[in-house]
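Trainee: coordinates only, no sequence provided:
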């Protein structure tokens, strides 16, 4: 199985320091939906692992998050693709869970779900916590310059990190490999 794991905010959709609280605020980054659809049509399983502490903070309910994810699935399906497992951490930074990135719990959940060993699997994110979570399970850290990615790159990343402009460039590299 060809598995690709994506962070959500800043990779698939625009991020906001005020949190993405509704479907109306959930706006795809140009090219991201078609990239996921193209990957899916090329035989890739695309899963998502996303921190969603806005739930713990009371900014939006789980139903709003599920509506955003349904919108993502619908948009990708309209282009002939499919989104695989979506896992999220609803906890706050101080809750001590194992799922909140940079901890690797969500990535392990995805690996178990698909029966895939995670070493070498690409995990695409836009923050240091995404890259740390990837390394914690031996996955390949991939940084996109969308969202917080440009800032993250400018702060410096380890030499094993692959760097791309956006998710569309990641998809092109994987499909043409």
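Mentor: Now that the structure is in, tell me what you want to look at. Predicted, not measured: the structure shown is a model, and the values here were computed from it.
Trainee: max-length helix in this structure?
Mentor: Looking across the chain with DSSP state H, the single longest helix is helix 62-78.
Trainee: and stretch 39-49, what's buried?
Mentor: 39-40, 44-49 (16 or more other CB atoms under 10 Å). For every residue, glycine as well, the C-beta is placed using N, CA and C.
Trainee: ignore the last one, stretch 152-170
Mentor: 152, 157, 161, 164, 166-170.
Trainee: check the offset of that stretch from the chain's centre.
Mentor: Its chain's C-alpha centre lies 14 Å from the corresponding centre of stretch 152-170 when counted by CA atoms, centre = their mean, to the nearest Å.
Trainee: distance between the ends of that stretch?
Mentor: For stretch 152-170, the first-to-last residue distance is 17 Å (CA to CA, to the nearest Å).
Trainee: quick check: mean pLDDT of that stretch?
Mentor: In this model, stretch 152-170 has a mean pLDDT of 97.
Trainee: likewise stretch 1-8?
Mentor: On average, stretch 1-8 scores 98.
Trainee: contacting residues around that stretch?
Mentor: 12, 36, 39, 43-50, 84, 86, 101, 107, 110, 114-116, 121-127, 130, 139, 167, 170, 174 (CB atoms under 8 Å, 6 or more residues apart in numbering).
Trainee: ok, stretch 10-21 next?
Mentor: Defining contact as CB under 8 Å, 6+ apart, one finds that stretch 10-21 is touched by 6, 9, 25-29, 32-33, 36, 48, 54, 57, 59-60, 64, 68, 72, 124-127, 144, 146-149, 167.
Trainee: and if you look at stretch 99-114?
Mentor: 1, 3, 5, 7, 45, 47, 49-51, 53, 84-85, 87-89, 91, 93, 97-98, 116-118, 121, 123, 125, 127-130, 132-134, 136-137, 139.
Trainee: starting at the chain centroid, how far to it?
Mentor: With CA atoms, centre = their mean as the basis, the mean position of stretch 99-114 lies at 12 Å from the chain mean.
Trainee: what's the answer for stretch 1-15, then?
Mentor: Its chain's average C-alpha position is 3 Å from that of stretch 1-15, according to CA atoms, centre = their mean.
Trainee: I'd like the numbering to begin with 336 instead of 1 from here.
Mentor: OK, 336 is where the count begins now, so the last one is stretch 336-350.
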